[in-house]
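K.L.:
could you look at this predicted model? Sequence included:
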Amino acid sequence: MENKEKKTNITFFFGDDDFSISEEVRSMKKEALGRSKGIEVRDFDFAQKSPESEAEVRNALRGNSLFSMDKMIVIKNFFSSGRKEEAREGLEDFIFEQLEKLGSRDEIIFVEEKDLDKRSRAYKIFEKLISENKVIKKEFPLPLGFKFNFWLENRIKSEGATISKSDLDLLSTLLGRGMEQKERNGKIIPAYDLHQAANEIDKLVAHASDGEITKEDILLLVSASSDMNIFSLIESIGKKDRSRALSILSGQIDKGFNENYILTMFVYHFRNLILTKSLLDDGLGKEEIVRRTKSHPFVVEKNIGYCRSVNIEYLTLVYHKLYNADVEIKTGRMEPELALDLLVSVL
């Protein structure tokens, strides 16, 4: 009789993006249940463990139940649970021993929302198993900066909808892109939450006409994650009230809004102001401008009020200055906060 090498399916997911990890695990469970109706699926989260958790994990790993031929076990946050070292090592030893005894159709998924300490015993054992192709390792980092745009775009596509690049940029900005905070240890913390972002996309897709998400949909349905008073800032600039504009700008930075976020909001609003001013000069009224720009009536009303006091040449000049400021910041020729201060001062 020919001996066939036993195949084990062990996966190790880790990273800060708990949303995408949970989506991946859910997909794997669905696929496993589709393959085998009798599969036993168990979840253990040591971040919320009960005193019986260790015994339950041992029993689940030890062998198949009387009613199930295969099993899928998800073990979450075991290595970062903060348990005493002696107790942790005892269960670690048992787990690693059982990994060698798994059936060919069994699946074990380890999930860590925090990175493992590379000096730890468990990490070294995992690295050895990975090098032997016994464990598949996949990291799920949070999508920071413009990677958040790509995440949103892919999520929208997976839901069967489309969105333009400019409207995608508006959506990511409203949800908090650009408000990342840097901690002392160098770790970047975003202002957005992927669970909330996914919910907002669900709303937009359900509301979208012909599967296309528009600026009108976004302004109507998405609540901005910030309270930045962009209208007050622009009105102060338009009135040449530079001291008030600089005060508002400084206040927004103190609240945690980074300079790239503020510049993005500037560019977006002045682009809309130029379009609104052009339509207004052509004799169009509010309702027609709402239809042409696909903007929320409240936004159009505020833009019309501002545009009546300025000419198109001024708006175009400001837009070019914003572009130059963006270039200065991105090429590193000027610090972002200084570039914005100078920009506001000369407008």
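P.N.:
Cool, got the structure.
K.L.:
residues in contact with stretch 290-307?
P.N.:
214-216, 219-220, 231, 234-235, 238, 272-273, 275-277, 279-280, 284, 286, 289, 315 (Cβ atoms under 8 Å, 6 or more residues apart in numbering). C-beta coordinates here come from the backbone N, C-alpha and C atoms, glycine included.
K.L.:
now restrict the residues you listed to buried residues only.
P.N.:
214-216, 219-220, 234-235, 238, 272-273, 275-277, 279-280, 284, 289, 315 (16 or more other Cβ atoms under 10 Å).
K.L.:
am I right that residue 11 sits in a strand?
P.N.:
Yes: counting by DSSP: H, G, I helix; E, B strand; the rest coil, residue 11 is part of a strand.
K.L.:
could you measure from it over to residue 130?
P.N.:
11 Å (Cβ to Cβ, to the nearest Å).
K.L.:
next: residue 264.
P.N.:
From residue 264 over to residue 130 (counting by Cβ to Cβ), the distance is 40 Å.
K.L.:
CA atoms only: put stretch 42-51 into CSV for me.
P.N.:
Taking Å, rounded to 0.1, in the frame of the first residue of the first chain, the C-alpha atoms of stretch 42-51 are listed here in CSV:
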residue,chain,number,x,y,z
ARG,A,42,-14.9,26.2,16.3
ASP,A,43,-13.7,29.7,17.3
PHE,A,44,-11.5,30.6,20.3
ASP,A,45,-10.6,34.2,21.1
PHE,A,46,-8.1,34.4,24.0
ALA,A,47,-8.6,38.2,24.3
GLN,A,48,-12.1,37.3,25.7
LYS,A,49,-11.3,33.9,27.0
SER,A,50,-13.1,32.1,29.8
PRO,A,51,-11.4,29.8,32.3
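K.L.:
who's more crowded, residue 264 and residue 130?
P.N.:
The neighbour comparison of residue 264 against residue 130 (other Cβ atoms under 10 Å) goes to residue 264, with 19 against 14.
K.L.:
that one against residue 171, yeah?
P.N.:
No: contact criterion Cβ atoms under 8 Å: residue 264 and residue 171 do not qualify, at 11.9 Å.
K.L.:
hey, what's in contact with both of the two?
P.N.:
If you check residue 264 and residue 171 against Cβ under 8 Å, 6+ apart, no residue is contacted by both.
K.L.:
got the domain ranges for this structure?
P.N.:
As given by automatic domain parsing, the domain ranges for the chain are 9-139, 147-346.
K.L.:
rank those by pLDDT, which is bottom?
P.N.:
Ranked by mean pLDDT, these end with domain 9-139 at the bottom, a mean of 77.
K.L.:
first vs last residue of it, how far apart are they?
P.N.:
Distance between the two ends of domain 9-139: 17 Å, counting by Cα to Cα, to the nearest Å.
K.L.:
residues contacting the most centrally placed residue in the chain?
P.N.:
The chain has residue 194 as the residue nearest its centroid, 4.3 Å off, counting by Cα atoms, centre = their mean. Residue 194 sits next to 17, 19, 20, 142, 143, 151 when contact means Cβ under 8 Å, 6+ apart.
K.L.:
hang on, isn't the first one packed against residue 148?
P.N.:
No: applying Cβ under 8 Å, one finds residue 17 not in contact with residue 148, separated by 11.0 Å.
K.L.:
hmm, back to that, strands - which of the contacts of residue 194 land there?
P.N.:
Of the contacts of residue 194, none are assigned to strands by DSSP state E.
K.L.:
show me these that map onto helices.
P.N.:
Residues of the contacts of residue 194 located in helices (DSSP state H): 19, 20, 151.
K.L.:
check contacts around the second one.
P.N.:
By that I understand residue 20. Applying Cβ under 8 Å, 6+ apart to residue 20 gives the contacts 140, 194.
K.L.:
tell me which helix or strand residue 287 sits in.
P.N.:
Element membership for residue 287 (DSSP states H and E) is helix 286-293.
K.L.:
now the next helix or strand after that helix, how far from the chain's geometric center?
P.N.:
Counting by DSSP H and E, the next helix or strand C-terminal to helix 286-293 is helix 297-307. Relative to the centre of its chain, helix 297-307 is centred 31 Å away, using Cα atoms, centre = their mean, to the nearest Å.
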